[in-house]
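In: only geometry, no sequence info:
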């Protein structure tokens, strides 16, 4: 496990624009908000940052707009130590943004404008061929065009690169076109969206019957269901006092890619990802709540052995 794990993420990069307000305005009404925050997000970007913080050598394949947010997004990747050679600027298109309005109760309203994310094409995958062929794992989500996701899975399979597909946001997919992925990792809601069944074991079985090799259904505070033709088992969770669960699923995916690429046994890799995701819930925010490998290993030393 001495070689640095190499992870390539093909996916989304957004800017989260969060306004905290006492109430939502009525039509035609202008009100004052209490607080505003701007942060970097998007499932692809989140997963890339988690993988990098866990010690992976990470490259991002993405598109940003030629607006103010595009250069800032690229600079954030660079500041995190992520390879940006395959992050393209799309002229005349906005970067992906997510305006979010939050009431004191925590109720929110979110608009996602995919912008440049929707312009990431199979040609961008081909342009990143050299980087992808050198990866231990390729990581994908569904905030970019489905055709690009399908193409990337096929490309990785042809070149012997292992693939993790996080089918989020949840939607129906063509089973034949995701069957080449090494891991398909939905949460409970996404598993139901893919299969039409709310029973996680039945959903996992349906995905396996459709040709998927390995399925991991993340169960939040209940751990993760690991499923394959050799059977199913629940990998135990780690108890924490959560502050904000936003981004925990992305923390799981990004960290898991690194742990698997290090050559760790599958059950241990999933257990480690469970802990990494749990630790991310103990601070507010998404990327800024992800812990470093040093902090993770300190917690794993204290709690990991008992979970296996």
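Out: Yep, that arrived. From a predicted model like this one, the values you see are computed outputs, not experimental measurements.
In: same for the lowest-mean-pLDDT helix or strand in the chain, what does it pack against?
Out: Taking mean pLDDT, DSSP states H and E as the measure, the helix or strand of the chain with the lowest value is strand 108-110, at a mean of 78. Judged by 3 or more Cβ pairs under 8 Å, 6 or more residues apart in numbering; DSSP states H and E, the packing partners of strand 108-110 are strand 96-102. For every residue, glycine as well, the C-beta is placed using N, CA and C.
In: relative to the whole chain's centre, how far out is the strand it packs on?
Out: 18 Å (Cα atoms, centre = their mean, to the nearest Å).
In: show residues contacting that strand.
Out: With contacts defined as Cβ atoms under 8 Å, 6 or more residues apart in numbering, strand 96-102 is touched by 12-21, 24, 41-42, 64-65, 69, 108-117, 143.
In: show me which residues of it are buried.
Out: Neighbour-count burial for strand 96-102 flags 96-98, 100-102 (criterion: 16 or more other Cβ atoms under 10 Å).
In: low pLDDT regions in the stretch 201-308 of the chain?
Out: Within the stretch 201-308 of the chain, the ranges that satisfy pLDDT under 70 run 305-308.
In: show me where this structure has strands.
Out: 6-10, 14-20, 35-41, 57-65, 83-90, 96-102, 108-110, 137-140, 162-165, 183-184, 215-218, 224-228, 231-235 (DSSP state E).
In: among those, which gets the worst mean confidence?
Out: Of all those, strand 108-110 carries the lowest average pLDDT, namely a mean of 78.
In: before we move on, back to that, contacts for the least confident helix or strand of the chain, please.
Out: Taking Cβ under 8 Å, 6+ apart as the rule, strand 108-110 contacts 24, 98-102.
In: give me that answer again for 10 Å
Out: 16, 18-20, 24, 98-103 (Cβ atoms under 10 Å, 6 or more residues apart in numbering).
In: ok so, going back, redo the buried residues of strand 96-102 as TSV? Include distance to residue 136.
Out: Converted to TSV, the buried residues of strand 96-102 look like this (distance: Cβ to Cβ, whole Å):
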residue	distance to residue 136
96	27
97	32
98	30
100	34
101	40
102	38
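In: quick check: which ranges of the stretch 51-200 of the chain have low pLDDT?
Out: The model of the stretch 51-200 of the chain has pLDDT under 70 over residues 106.
In: show me what contacts the residue nearest in space to the middle of the chain?
Out: By Cα atoms, centre = their mean, the chain has its centre lying nearest to residue 250, at 3.6 Å. Residue 250 sits next to 11, 41-51, 139, 141, 166, 168, 277, 280, 286-287, 290 when contact means Cβ under 10 Å, 6+ apart.
In: in a markdown table, list the strands of the chain along with distance to residue 268.
Out: Listed next are the strands of the chain as a markdown table, based on distance: least, Cβ to Cβ, whole Å:
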| stretch | distance to residue 268 |
| --- | --- |
| strand 6-10 | 18 |
| strand 14-20 | 32 |
| strand 35-41 | 29 |
| strand 57-65 | 21 |
| strand 83-90 | 27 |
| strand 96-102 | 34 |
| strand 108-110 | 35 |
| strand 137-140 | 16 |
| strand 162-165 | 16 |
| strand 183-184 | 15 |
| strand 215-218 | 13 |
| strand 224-228 | 11 |
| strand 231-235 | 9 |
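In: out of those, nearest to residue 301?
Out: Taking Cβ to Cβ, strand 231-235 is the member of the strands of the chain nearest to residue 301, at 18.7 Å.
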